[in-house]
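[1] how does the following fold in three dimensions:
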Amino acid sequence: QVQLVESGGGLVQPGGSLRLSCAASGRIFRINAMGWYRQTPGKQRELVATITSGGSTNYADSAKGRFTISTDNAKNTVTLQMNSLKPDDTAVYYCHANVMRDIWTRSYDSWGQGTQVTVSS
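    Numbers count the residues shown, from 1 in each chain. Below you'll find the predicted structure:
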């Protein structure tokens with residue numbers, strides 16, 4: 001199994017910045033994609049940004065122009081740089097990875113435990 005460990009959440013004022021990081025460890029043959037999702041109480045988990053091993057990115061409309069996702073394939077890490085944060089960005093942010101453990105089995109999805117981001121003055 002793969003473990004995803006997130007770091008970098010916290011409290012920030014509106015307009016501020018935070019950087020979330022996630023490291024994957026365990027039995028990994030290849031990571032096809034990594035990303036960040038977020039969830040607030042009573043709502044479904046929603047996509048924030050994803051990046052494939054080839055570097056293709058996808059952002060939620062709410063994240064475009066403010067957030068930047070990047071990955072280090074050699075280290076199995078993904079980072080989300082969040083700028084110009086708004087109170088609406090307050091949520092628990094979850095790291096996600098689509099992982100292949102070997103060449104014989106299908107890939108599967110793994111999730112981190114989540115890290116709280118609070119944007120408030």
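[2] can you pull the phi and psi angles for the residue lying farthest from the centre of the chain?
    Most distant residue from the mean C-alpha position of the chain: Trp104, 26.7 Å away (Cα atoms, centre = their mean). The phi/psi pair for Trp104 (degrees, to the nearest 10) reads phi -100, psi -20.
[3] check which helix or strand covers Leu47.
    strand 46-52 (DSSP states H and E).
[4] tell me the mean pLDDT over that strand?
    Per-residue pLDDT over strand 46-52 has a mean of 98.
[5] contacts for that strand?
    Strand 46-52 has contacts (Cβ atoms under 8 Å, 6 or more residues apart in numbering) with 32-39, 57-60, 62-63, 67, 69-71, 78, 80, 93, 96. Any C-beta I mention is one placed from the backbone N, CA and C, and that applies to glycine too.
[6] among these, which ones are in helices?
    Using DSSP state H, the subset of those located in helices is empty.
[7] give me the buried subset of the residues you listed.
    33-38, 59, 63, 67, 69, 71, 78, 80, 93, 96 (16 or more other Cβ atoms under 10 Å).
[8] now, the most widely separated pair of those residues?
    Using Cβ to Cβ, those span at most 18.1 Å, a distance reached by Arg38 and Thr71.
[9] leaving out chain neighbours, which residue sits closest to the residue sitting nearest the centre point of the chain?
    Most central in the chain under Cα atoms, centre = their mean is Trp36, positioned 2.4 Å from the mean C-alpha point. Leaving out its chain neighbours, the residue that sits closest to Trp36 by Cβ to Cβ, 6 or more residues apart in numbering is Val48, at 4.3 Å.
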